Structure formats: structure tokens, C-alpha cells
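K.L.:
predicted model, plus sequence, below.
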Amino acid sequence: MSKPAHILMLLTDAYGGFGGISQYNRDLLEAICSLDEVSSVEALPRIAKQPVGPLPPKLRFDLGGVGGYLRYTLTALRRGLLGPRPDVVLCGHINLLPLCRIIARLRGARLVLLIFGIDAWEPTARQAANRLTGTVDQVVSISQITLDRYLEWAGAPRQGTALLPNAIHLEDYAVAPKASDLLEKFGLTGKTVLMTFGRLAGRERAKGFDRMIETMPLFLERDPSMHYLLAGTGDDMDRLQAKVRDLGLEGHVSFTGLVPEERKADYFRLADVYVMPSRGEGFGFVFLEAMACGIPAVASRSDGGFEAIREGQIGIAVDPADSDSIVRGVFEALQRPREVPAGLSYFAFPNFRERARRILFGAA
């Protein structure tokens with residue numbers, strides 16, 4: 001592009017949001033707003049809670065569409081068709097593709113679809129979105145496995161595909177001692193702590209919480225000090241707690257509930273091993289956060305977690321369907337030093353920013 005670009009992004013959430021996709025979108029907006037090739041960015045989230053916090057320069061974060069699908073549709077069409085003409089329309093969820101396609105076509109903009117995980121692994125319930133996949137100019141995926149699963153059913157993009165894995169702000173994390181107040185709060189003093197961090201949601205049972213609870217008796221046979229900490233909250237917590245009681249593991253499994261954002265690193269540092277034997281993770285930003293705190297990571301070799309540990313270069317890969325494989329992986333991880341792996345810098349924010357620039361604007 002000969003002049004700096006205006007970018008319009010339709011997305012689920014970012015600032016004022018919660019979770020991995022929200023964090024990814026914040027990083028992406030921060031990255032593209034910092035580019036010389038970009039003059040301005042407008043983002044329309046479907047979900048946001050006030051206050052949204054500080055925003056990067058160049059960004060208009062329009063909350064006019066928050067409050068229901070009809071309101072969002074009208075706001076997106078008004079801003080997309082009557083606001084500044086976008087050079088690029090970023091579609092932050094496949095279900096938003098019909099809206100993004102209308103705007104991109106009528107305004108002569110390039111259409112880029114972002115895909116994050118299992119939402120894009122199979123055709124969606126929205127036939128209009130499925131039919132429009134072949135009209136996308138470029139697909140940008142958080143991981144290779146998500147891209148491969150998407151291309152098995154979707155129409156091929158007109159200008160190709162690209163990978164843009166999560167970013168980690170390494171300066172926000174570091175190796176540090178376990179926080180004494182949290183050790184006391186959860187009764188973890190003297191325990192060997194295994195942790196999985198994530199939303200305890202009934203629709204996200206593939207993260208591996210059940211597998212870890214079921215495998216705890218094998219861990220305890222080898223080390224009675226083992227304790228499993230589930231960090232996070234969600235609508236599946238009651239079921240998981242009942243499962244712990246049914247297996248007689250009340251003294252060996254704990255739930256943190258909602259983790260305050262400002263203390264997230266302290267919670268990760270409670271772990272001696274971060275382990276998530278998942279079967280449907282699009283990438284696994286939590287692996288990056290744990291490793292940035294110096295916690296050895298054990299991931300599934302069957303989903304995007306394998307890419308988060310760089311195919312085993314900076315973490316240990318296990319078979320999530322095999323309890324013995326999980327146990328071996330955890331005890332191998334316990335022999336590793338508590339340090340930030342050098343290869344984690346691959347995901348550092350400056351590298352993420354440069355990848356985003358190359359995807360949107362090509363080589364320097």
C-alpha cells in the first residue's frame with residue numbers, strides 16, 4: 001500500500017474481555033497500531049466490560065455494538081459502510097464472516113479471517129459463514145493444526161494462509177519464589193504441585209482436567225506429596241469437584257476459583273510442573289505464561305499445545321489418552337530446572353509484531 005492503511009476489525013472481545021482469545025486480540029491490536037504502515041484502527045467488540053483500560057494510540061475501540069447481535073450488526077454495518085473506508089477488514093471470528101464480507105466487498109477492502117481453535121476445526125452451525133470461506137483473501141491461524149483442520153472443510157483463501165501464534169510479554173513474567181500467602185491459602189506448603197490453568201467450562205472438556213483428576217492415583221503411588229491445582233473458574237467446576245469427591249481425592253486436588261489478573265504470575269509460580277493433556281486446544285497461551293515463569297511444561301502431542309512447546313523443543317509432549325505417558329512426562333519435567341527456556345523468545349511480542357507486519361504488508 002502506498003499510503004498508511006486504515007484497518008477495521010470485527011471481533012468477539014479484547015479490551016474489557018477475559019481469556020486467551022481476548023489477550024490475543026489485545027496483542028494483535030497493540031501490534032498493528034504500532035506499525036508505520038497503519039494510520040488508524042477501528043475495532044468493534046461484541047463483548048466488553050467497563051473499564052476497558054488504556055488503549056494504544058491510533059485505536060478507536062467502539063463499544064456501540066455491545067449488547068446483543070442485532071445491535072452489533074447495525075453498529076458494524078454503520079461503521080463499516082459509512083465510516084472511514086478500510087483498506088483491510090480483519091474478521092476476528094468465523095461467525096462474523098458474513099458481516100465482514102459485506103463490508104469488505106462494498107468498500108473494496110482486503111478480507112482477512114483469523115482462526116483460533118476448535119471453532120474453526122469443523123463447519124459451523126451458520127451455513128452463510130461456511131459458504132463464504134472461499135471468498136476470504138487470507139486466513140491467519142494461531143496454529144498449524146487449526147489451519148489444517150480448517151482447510152479440510154473450508155474453501156481455500158484467495159491469497160493464501162499464514163501462521164501467527166500467540167505473543168508473550170516476557171517482561172511481565174519471571175522466575176520467582178512461590179508466594180507464601182497463596183501457599184497458605186491453598187494448603188500447598190511441602191506439596192509437589194501440578195497445575196492446569198483455564199476456563200472450567202462444560203463445552204471445553206477437552207482441556208484435560210478430567211484426565212488429570214483420573215490420573216492422580218498413579219501420581220500419588222509414586223509421590224504422596226503430589227497435589228493437583230485447577231486454576232480458573234467456570235460452569236463445569238461443580239461437576240469436577242464432585243468427581244474429585246467420588247474418587248476420594250479431596251486432600252490432593254484443589255480449585256482456585258477466579259484468578260486475579262494482577263496475580264496471574266504468582267499463581268503460575270505455585271506449580272512445580274504445568275501440565276495440560278488436552279485434546280482440542282487451538283494453541284495454549286497458558287503454556288507460554290507458565291514457561292515465562294520458569295515452570296516446566298507438559299503438553300499434548302495431539303493438538304495446538306504441541307506447537308506451544310515448539311514440538312518438544314521447550315517442553316515435554318505426551319499422549320493425552322495414555323495415563324502412563326502423562327505420568328512419565330510429569331516426572332521427567334520435575335527433573336528439569338526452574339528456568340525460562342531460551343526458545344520461548346520465539347513467541348516474544350516483538351517477534352509477534354514483526355510477523356503481523358509481514359502478514360499484512362509483506363516483506364520490508
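P.N.:
Structure received.

K.L.:
output the below-cut-off pLDDT ranges for the protein.
P.N.:
Along the chain, the parts satisfying pLDDT under 70 run over 1-2, 363-364.

K.L.:
which parts of it belong to which domain?
P.N.:
If you go by automatic domain parsing, the domain ranges for the chain are 5-167+348-361, 170-345.

K.L.:
output the ones you listed as JSON lines; include the columns mean neighbour count.
P.N.:
Every C-beta, even on glycine, is put in place using the N, C-alpha and C of the backbone. As requested, these are exported to JSON lines (neighbours: other CB atoms under 10 Å):
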{"stretch": "domain 5-167+348-361", "mean neighbour count": "19"}
{"stretch": "domain 170-345", "mean neighbour count": "19"}
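
K.L.:
residue contacts, residue 75?
P.N.:
44, 62, 64-65 (CB atoms under 8 Å, 6 or more residues apart in numbering).

K.L.:
ok now the host helix or strand of it, how far from the chain's centre?
P.N.:
Assigned by DSSP states H and E, residue 75 belongs to helix 69-82. Taking the mean of its C-alpha atoms, helix 69-82 sits 27 Å from the chain's own mean (CA atoms, centre = their mean, to the nearest Å).

K.L.:
picking that back up, any chance of the contacts of residue 75 in CSV, with distance to residue 310 and secondary structure too?
P.N.:
Shown next, in CSV, are these (distance: CB to CB, whole Å; DSSP: H, G, I helix; E, B strand; the rest coil):
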residue, distance to residue 310, secondary structure
44, 34, strand
62, 37, coil
64, 41, coil
65, 37, coil
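
K.L.:
could I get the full set of strands for the protein?
P.N.:
Using DSSP state E, the strands of the chain run over 5-11, 38-45, 59-61, 88-91, 110-115, 138-141, 161-163, 192-197, 226-231, 253-255, 273-276, 297-300, 316-318.

K.L.:
how far does the first one sit from its chain's centre?
P.N.:
Per CA atoms, centre = their mean, the displacement of strand 5-11 from the mean C-alpha position of its chain is 20 Å.

K.L.:
helices and strands around it, which ones?
P.N.:
Here strand 5-11 touches helix 20-33, strand 38-45, helix 69-82, strand 88-91, helix 97-107, helix 349-361, going by 3 or more CB pairs under 8 Å, 6 or more residues apart in numbering; DSSP states H and E.

K.L.:
make a markdown table out of those and add distance to residue 180.
P.N.:
As requested, those are exported to a markdown table (distance: least, CB to CB, whole Å):
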| stretch | distance to residue 180 |
| --- | --- |
| helix 20-33 | 28 |
| strand 38-45 | 38 |
| helix 69-82 | 45 |
| strand 88-91 | 44 |
| helix 97-107 | 49 |
| helix 349-361 | 31 |
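
K.L.:
for residue 248, find the nearest of the ones you listed.
P.N.:
Of all these, helix 20-33 sits nearest to residue 248, with 32.7 Å by CB to CB.

K.L.:
which residues touch that closest one?
P.N.:
By CB under 8 Å, 6+ apart, helix 20-33 touches 7, 9, 11-15, 17, 38, 41, 43, 56-59, 90, 92, 114, 116, 142, 164, 166-167, 169, 283, 285-286, 349, 352-353, 356-357, 360.

K.L.:
again with stretch 244-261
P.N.:
186-188, 197, 200, 213-214, 216-217, 220, 226-233, 237, 240-241, 267.

K.L.:
quick check: end-to-end length of that stretch?
P.N.:
Start-to-end span of stretch 244-261 (CA to CA, to the nearest Å) is 26 Å.

K.L.:
and stretch 79-88, by the same measure?
P.N.:
14 Å.

K.L.:
centre of the chain to that stretch, how far?
P.N.:
With CA atoms, centre = their mean, you get 28 Å for stretch 79-88.

K.L.:
how about stretch 292-308?
P.N.:
Distance, centroid of stretch 292-308 to centroid of chain: 13 Å (CA atoms, centre = their mean).

K.L.:
do the same with stretch 223-231
P.N.:
So, by CA atoms, centre = their mean, the centroid of stretch 223-231 is 24 Å from its chain's centroid.

K.L.:
same thing with stretch 226-241?
P.N.:
On the basis of CA atoms, centre = their mean, stretch 226-241 is displaced by 19 Å from the centre of the chain it belongs to.

K.L.:
any idea how far residue 356 is from residue 30?
P.N.:
Residue 356 is 10 Å from residue 30, where distance means CB to CB, to the nearest Å.

K.L.:
same question, residue 335
P.N.:
From residue 335 to residue 30 the distance is 37 Å (CB to CB).

K.L.:
sketch out the helices for the stretch 251-364 of the chain, chain order is fine.
P.N.:
264-268, 285-292, 305-308, 323-334, 349-361 (DSSP state H, counting those that start in this stretch).
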